[in-house]
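Participant: the sequence and its predicted three-dimensional model are supplied below.
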Amino acid sequence: MAISKEEAVLIEKARMGSESDFEALILSCQGKAYSMAYRYFNNPEDAMDALQESFLKIYRSLGTFKGESSFQTWVYRIVANTCCDMLRKKKARITTESLVKMDGEDEYTLEIMDESMGPEERAIHQEMTGYILHCLEKLPLEQKEIIVLRDIQGFSYEDIAEILNINPGTVKSRISRARVKLREIYVGGGEPD
Amino acid sequence: MECRKIQEQLALYRDEILDKAELENIRTHLASCDECQLYLDQLNKISAELAALPEPQIPAEFLPVFRHALREEMRSDHNETMENDKNPVRPLFSGGWKKWSMVAAVFVVGIISIYGLQQNGDMLNPAGFPEDSTILSMEEEPEKHQEETGAPQSRAEGMVKDTEGVPVEGFEEQPGDVMAIAGMENEPEDWDGVKGTPEEENYYLEVLKRQDGRDFTIENSFKDEEGVWHFLVQYDEEALYYEGKDGELWISESLQ
């Protein structure tokens, strides 16, 4: 079994309606779950909507969790599915909603600022992060998703296979194609061929 | 041609998942191919930038909003469970042999009674009821009947009455009357003296009331796929988890 006894007790108590136990369960992974959701949408409002919807789905499906994967992996799977569903429903690829053009220049800044940087460093950093995110947005959803999970969130191949419910061979081939495509966009000035 | 194949593998190079032969092949190629070396450098740069992206922090307003949504969800779950149990669908042949043998016995008594009356009655009044009598209808509500005829509310107070509401002698309610059976479908079947059946939530709440004299509220309840009822019971000074199945109720030791 992939979960500890303590986790199993928390899950059972949460199923019985204990709000505090359910909160304890999700608090253990809410940071990473939010970070994941944020990368799908690149804005905090949609990320929070997706996270809330995911957590409610988790609450409703607690009875179906069999413990074959870790609880966190199960949570991330639901988050990934919810984000993809929401993105498809929006029927639009988010490209510039969270990106703001600087005055008179065709450059992009990032909403998230690193407070420890000086102005010059920040400008360079913003330029770099804005550009890489712009390129990421140009990928098809399936490829963007795998880059987010592997290269940004740092999940292992095995975890990604469980989260996306695909076999490890498929993870490998998707990562390869996604990175090749991203590189092509990156060196091509931010536009796909 | 070889560069293209190598470049596909380069995308996975830094994950250390390629086998020894593939790695050796790549190293040998890179030693003599500037284009593929540049390709690898670009891939590494992109990966480094992605890994260096600052981690978004969850906004402080998320948790209170989510708590509210969760409580609404829990509340609607509880209301749905209670609503479903108010009007249980009772299969016609539930209850086993007990109920149906009683019905059969009463039916036989009823037939014998009617046959006996017929010996003293006529064709228009085969049961032999007095002409000015009112038979208390099995379908009528007792209260409605009393309003209209002045007859008493209780079904037990006389089966046949005259027009002045006086029970007709000889036609008082007898044990096992069909009249008594007519109300049976409105009464919950008893199981060891407790109302309801062990498949129903109310049955266990009744057991809990009887065995534990304290006041309590049910914070949540549900029935799992194995037919076990689960209850989170809140008393003044503590909360306990109960489980119930097949008529038995017990404290869930694993969750205290």
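Facilitator: Structure's in. What do you need?
Participant: quick one: the helices in chain A, in order.
Facilitator: A:5-15, A:19-27, A:30-41, A:44-60, A:71-90, A:119-137, A:141-147, A:157-164, A:168-187 (DSSP state H).
Participant: any idea which of those helices is most buried?
Facilitator: Sort the helices of chain A by mean neighbour count, taking mean count of other Cβ atoms under 10 Å in any protein chain shown, and helix A:30-41 sits at the top with a mean of 22. In this view, the C-beta of every residue, glycine as well, is placed from N, C-alpha and C.
Participant: what helices and strands are in contact with that one?
Facilitator: helix A:44-60, helix A:71-90 (3 or more Cβ pairs under 8 Å, 6 or more residues apart in numbering or on different chains; DSSP states H and E).
Participant: mean pLDDT and distance to residue B:210 added to the ones you listed, as TSV?
Facilitator: Shown next, in TSV, are those (pLDDT from 0 to 100; distance: least, Cβ to Cβ, whole Å):
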stretch	mean pLDDT	distance to residue B:210
helix A:44-60	94	33
helix A:71-90	92	39
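Participant: so which of these comes closest to chain B?
Facilitator: Nearest to chain B, of all the helices and strands packed on helix A:30-41, is helix A:44-60, at 5.2 Å by Cβ to the nearest Cβ.
Participant: thinking again about what came up before, mind putting the helices of chain A into JSON lines with distance to residue B:198?
Facilitator: Below are the helices of chain A laid out as JSON lines (distance: least, Cβ to Cβ, whole Å):
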{"stretch": "helix A:5-15", "distance to residue B:198": "21"}
{"stretch": "helix A:19-27", "distance to residue B:198": "28"}
{"stretch": "helix A:30-41", "distance to residue B:198": "40"}
{"stretch": "helix A:44-60", "distance to residue B:198": "27"}
{"stretch": "helix A:71-90", "distance to residue B:198": "33"}
{"stretch": "helix A:119-137", "distance to residue B:198": "57"}
{"stretch": "helix A:141-147", "distance to residue B:198": "48"}
{"stretch": "helix A:157-164", "distance to residue B:198": "40"}
{"stretch": "helix A:168-187", "distance to residue B:198": "48"}
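Participant: figure out which of those is closest to residue B:250.
Facilitator: The minimum distance between residue B:250 and these falls on helix A:5-15, with 15.4 Å, by Cβ to Cβ.
Participant: hmm, that closest one in reach of chain B?
Facilitator: Yes. In terms of Cβ under 8 Å from any Cβ of the partner chain, part of helix A:5-15 sits within range of chain B, namely A:9, A:12-13, A:15.
Participant: what do you get for stretch A:77-95?
Facilitator: No. Using Cβ under 8 Å from any Cβ, we find that stretch A:77-95 stays clear of chain B, coming within 12.4 Å at best.
Participant: quick one: least confident helix or strand in the chain?
Facilitator: All of this refers to chain A. strand A:100-101 (a mean of 40; mean pLDDT, DSSP states H and E).
Participant: I was after chain B.
Facilitator: That would be, for chain B by mean pLDDT, DSSP H and E, helix B:178-182 at a mean of 38.
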